[in-house]
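Asks: Have a look at this prediction, sequence included:
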Amino acid sequence: MLEIRGLHAWYGDSHVLHGLAMDIPRGRVVSLLGRNGAGKSATMRTIMGLLGKATGEINCNGVNLLKLRPDQIARKGIALCPEDRGIFPSLTVTENLFLPPVVAAGGMDIASIYALFPNIRERGASRGTQLSGGEQQMLAIARILRTGARLLLLDEPTEGLAPVIVQQIARVIREIKELGYTVLLVEQKAHFVESLADIHYLIENGTIVDRLESAEFAASRDRVERLLAV
Ligand SMILES: Nc1ncnc2c1ncn2[C@@H]1O[C@H](COP(=O)(O)OP(=O)(O)OP(=O)(O)O)[C@@H](O)[C@H]1O
């Protein structure tokens with residue numbers, strides 16, 4: 001679905017991605033693992049067209065996304081679920097859910113969303129501020145499914161969440177994959193992505209240093225943990 005080649009990106013004068021290359025095949029879950037500051041969020045923000053300057057190629061069906069504006073990238077069915085989740089605190093759950101416009105055909109219908117996220121229906125009248133971290137994360141994922149996105153960029157969806165909630169998020173990602181969605185999953189927790197992702201990319205200092213198929217992951221676990229260690 002995306003082929004990234006020779007990607008360089010800058011935050012102002014700070015050069016943060018250095019020739020990054022990776023493939024995100026349609027219908028797969030791909031993990032991007034690296035420690036703080038490695039360039040994971042920068043990669044996602046560059047895919048969405050949100051970094052000021054970037055060069056190289058992000059090929060999506062023959063179009064280089066680097067030539068498009070963020071709203072045009074969203075209309076290609078690509079959506080970012082940011083690390084801070086972006087839930088509007090003074091709006092209700094239902095208002096948050098319906099706030100983003102539908103930007104592409106094929107979005108998940110509301111009955112399917114409620115079936116996948118029963119809490120969202122139950123807590124529909126609650127304000128954003130009244131939600132737990134896990135509920136906010138579920139709402140953030142549900143919200144982009146409604147817009148028609150087929151490629152979901154999830155930035156550390158399990159950060160700060162209790163193990164039982166982390167398992168619920170894993171279940172949701174598995175179900176989304178079974179429905180044919182494509183997921184890029186940024187994480188610092190190897191154990192979370194191990195059974196979820198089909199392909200793992202390891203990132204360090206703004207470049208990909210390794211690519212592992214899921215079958216290779218267990219044997220490389222020590223190396224992955226060393227890369228993630230602070
Ligand atoms: N707004 C910014 N302005 C300048 N530099 C930034 C900005 N945000 C991040 N950086 C720098 O860009 C580099 C890549 O950061 P990025 O946020 O992509 O890392 P990350 O792997 O997502 O880590 P984290 O888990 O901490 O978000 C780091 O050196 C970071 O200090």
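Replies: Cool, the structure landed.
Asks: And what about the residue in the chain sticking out farthest from the centre, helix, strand or coil?
Replies: Distance from the C-alpha centroid of the chain, by Cα atoms, centre = their mean, peaks at Ala125 (26.7 Å). Assigned with DSSP: H, G, I helix; E, B strand; the rest coil, Ala125 falls in the coil class.
Asks: Identify the residue nearest it in space, chain neighbours excluded?
Replies: Thr92 (5.5 Å; Cβ to Cβ, 6 or more residues apart in numbering). Yep, even glycine has a C-beta here, placed from its N, CA and C like the rest.
Asks: which other helices and strands contact the longest helix along the chain?
Replies: Longest helix in the chain, counting residues (DSSP state H): helix 163-178. Judged by 3 or more Cβ pairs under 8 Å, 6 or more residues apart in numbering; DSSP states H and E, the packing partners of helix 163-178 are helix 110-116, helix 133-146, strand 182-187.
Asks: I'd assumed Glu122 was in contact with Glu135.
Replies: No. Checked against Cβ atoms under 8 Å, the pair Glu135 and Glu122 is beyond contact range at 9.9 Å.
Asks: Who has more neighbours out of those two?
Replies: Glu135 (21 against 12; other Cβ atoms under 10 Å).
Asks: residues contacting that one?
Replies: Val93, Asn119, Ile120, Arg123 (Cβ atoms under 8 Å, 6 or more residues apart in numbering).
Asks: again, only using 10 Å
Replies: Residues near Glu135 by Cβ atoms under 10 Å, 6 or more residues apart in numbering: Arg85, Ile87, Val93, Phe117, Asn119, Ile120, Glu122, Arg123, Ser126, Gly128, Ile165.
Asks: Now Glu194: closest residue in space, sequence neighbours ignored.
Replies: Phe217 (5.7 Å).
Asks: Number of residues surrounding that neighbour?
Replies: 19.
Asks: quick one: contacts of the helix or strand hosting it?
Replies: Element membership for Phe217 (DSSP states H and E) is helix 214-217. By Cβ under 10 Å, 6+ apart, the residues outside helix 214-217 that reach it are 28-29, 31, 33, 190, 193-200, 210, 224.
Asks: Quick check: Ala190 vs Ser31, distance?
Replies: From Ala190 across to Ser31, the span is 9 Å (Cβ to Cβ, to the nearest Å).
Asks: got any residues that touch both of the two?
Replies: His200, Leu202, Phe217.
Asks: so who does Phe88 touch?
Replies: Counted by Cβ under 10 Å, 6+ apart, Phe88 has contacts Glu95, Asn96, Leu99, Arg127, Gly128, Thr129.
Asks: list the buried ones in stretch 16-27?
Replies: Neighbour counts over stretch 16-27 (16 or more other Cβ atoms under 10 Å) mark Val16, Leu17, Leu20, Met22, Ile24 as buried.
Asks: Distance of the residue lying closest to the first one once chain neighbours are set aside relative to Asp155?
Replies: With sequence-adjacent residues excluded and distances taken as Cβ to Cβ, 6+ apart, Val16 is closest to Ala42, at 4.7 Å. Separation of Ala42 from Asp155 (Cβ to Cβ): 11 Å.
Asks: repeat for Asp109
Replies: Distance from Asp109 to Asp155, by Cβ to Cβ: 26 Å.
Asks: ok, now Arg143?
Replies: 14 Å.
Asks: do the same with Tyr201
Replies: For Tyr201, the distance to Asp155 - Cβ to Cβ - is 15 Å.
Asks: Neighbour count for those two, which is higher?
Replies: Between Tyr201 and Asp155, counted using other Cβ under 10 Å, Tyr201 has the larger neighbour count: 25 against 22.
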